[in-house]
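In: have a look at this prediction, sequence included:
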Amino acid sequence: MTDAFLSALFLQAGYNATLVSIGAALLGLAAGSVGAFLTLRRRALASDAMAHATLPGIGLAFLVMAALGGDGRNLAGLLLGAGLTAALGLFLLQRLTTRTRLPEDAAIGAVLSTFYGAGIVLLTVIQNLSFGRPAGLEGFLLGSTAGMLLSDALLIAGGGAVILLILALLRRPLAMTAFDPDHARQMGVNTRATDTALLLLTLACVLLGLRVVGLILIVALLITPALTARLWSDRIGIVALLAGGIGAVAGHLGASLSLALPDLPTGPSIVLLVFAAFLGSLLLAPGKGLFSRHRRTAPDSA
């Protein structure tokens, strides 16, 4: 096990395994960096609604591709279907919060549960069908790199790189809108377009993360690295870099563990590593860590 883990860790486990590790690392880097702005803008729960709203799209895309005689498990087609229903869920969420008296958390709960329930029904129906090779679709719930194709790994790695590039180009208006939207508007920033761009970047992270960590756990990869980074710094640029680094390291280590231990699920491994980083930071971070706060208050209590 140790030799297999070290080979995967140092990218010596084969070409496809190397791409999986790099793809998971780029996904973690992109998700952590986007999550820094998402949590600062208080849109974290919207990512959870989008993630759960992808499930019926996966089922519908599978049915369409299988009915047309194609490979029902083609990742690009499944992500397209997932993106369409996630966008629909986001649209409904915004309409519910702006056109009704429902508070945002209630609207998120309604959208999340309805779309997720519809997706579970679709997947149950698909498993009983005799065409399209539906085996493996359940991997989108918790993520799975087992059996990932070269094209899948390239899609995830390339998508993560594009997200990072767009985020770098938009970092200034995103930061201004997150800190003070009124001031940002006075400075000529289109805050509505900036918020839309942030949600689209979040949606892209959600879609790319479906194959690696799954729709249930992708929200942890978006939020937890950002919360961890904020324990170390208050500057958004540093927080975004730290969050991205934490996500990248967790993604690479989690993928390496999964490659070394095929029965170990990739998504939960990555999420547990991210949580370990958060727990360590909560205890040890200077200024905001529990140990640091205890040392500051100890003389007063004495």
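Out: That came in fine, so what should we check first?
In: quick one: the helices in the protein?
Out: All helices of the chain, identified by DSSP state H, fall at 2-9, 15-40, 44-67, 75-99, 104-127, 139-142, 150-179, 181-186, 191-209, 214-230, 236-260, 266-284, 290-301.
In: which stretch among those helices comes nearest R133?
Out: Closest approach to R133 among these is made by helix 44-67 (7.9 Å; Cβ to Cβ). All C-beta atoms are positioned from the backbone trio N, CA, C, and that covers glycine.
In: the closest one packs against which elements?
Out: helix 15-40, helix 75-99, helix 104-127, helix 139-142, helix 191-209, helix 214-230 (3 or more Cβ pairs under 8 Å, 6 or more residues apart in numbering; DSSP states H and E).
In: now distance to F275, mean pLDDT and mean neighbour count too, for those, in TSV please.
Out: TSV is the format used below for the helices and strands packed on helix 44-67 (distance: least, Cβ to Cβ, whole Å; pLDDT from 0 to 100; neighbours: other Cβ atoms under 10 Å):
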stretch	distance to F275	mean pLDDT	mean neighbour count
helix 15-40	13	90	26
helix 75-99	25	91	19
helix 104-127	22	90	17
helix 139-142	15	79	20
helix 191-209	16	92	21
helix 214-230	6	92	26
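In: ok so, going back, how about the helices of the chain in CSV, adding distance to R133?
Out: Shown next, in CSV, are the helices of the chain (distance: least, Cβ to Cβ, whole Å):
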stretch, distance to R133
helix 2-9, 28
helix 15-40, 20
helix 44-67, 8
helix 75-99, 13
helix 104-127, 10
helix 139-142, 13
helix 150-179, 15
helix 181-186, 48
helix 191-209, 22
helix 214-230, 20
helix 236-260, 23
helix 266-284, 21
helix 290-301, 50
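In: residue nearest the centroid of the chain?
Out: Compute the mean C-alpha point of the chain, and by Cα atoms, centre = their mean the closest residue is I218, 3.7 Å away.
In: surely A61 meets G81?
Out: Yes: between A61 and G81 a contact is recorded at 2.6 Å, counting by Cβ atoms under 8 Å.
In: for the closest residue to A229 other than its chain neighbours, what are its contacts?
Out: Nearest non-adjacent residue to A229, counting by Cβ to Cβ, 6 or more residues apart in numbering: L242, 3.6 Å away. In this structure, L242 makes contact with 225, 228-229, 232-233, judged by Cβ atoms under 8 Å, 6 or more residues apart in numbering.
In: try L155
Out: Counting by Cβ under 8 Å, 6+ apart, L155 has contacts 75-76, 79, 208.
In: which of these sit farthest apart?
Out: A76 and L208 (11.4 Å).
In: for T228, what are its contacts?
Out: Neighbouring residues of T228 by Cβ under 8 Å, 6+ apart: 242-243, 246, 274, 277-278, 281.
In: looking at these, which is nearest A24?
Out: Looking across these and measuring by Cβ to Cβ, the closest to A24 is V274, at 12.1 Å.
In: and the pLDDT for the closest one?
Out: Looking at V274, its pLDDT reads 96.
In: that one contacts G247, correct?
Out: Yes: contact criterion Cβ under 8 Å: V274 and G247 qualify, at 6.9 Å.
In: which neighbours do those two have in common?
Out: 221, 225.
In: who has more neighbours, those two?
Out: Between V274 and G247, counted using other Cβ atoms under 10 Å, the more crowded position is G247 (35 against 30).
In: can you list the contacts of L242 in TSV and add distance to G160?
Out: Below are these laid out as TSV (distance: Cβ to Cβ, whole Å):
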residue	distance to G160
P225	14
T228	19
A229	18
W232	23
S233	23
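In: which of those lies closest to P262?
Out: Nearest to P262 among these, with distances taken as Cβ to Cβ, is P225, at 26.0 Å.
In: that closest one is in contact with F275, isn't it?
Out: No: contact criterion Cβ under 8 Å: P225 and F275 do not qualify, at 10.1 Å.
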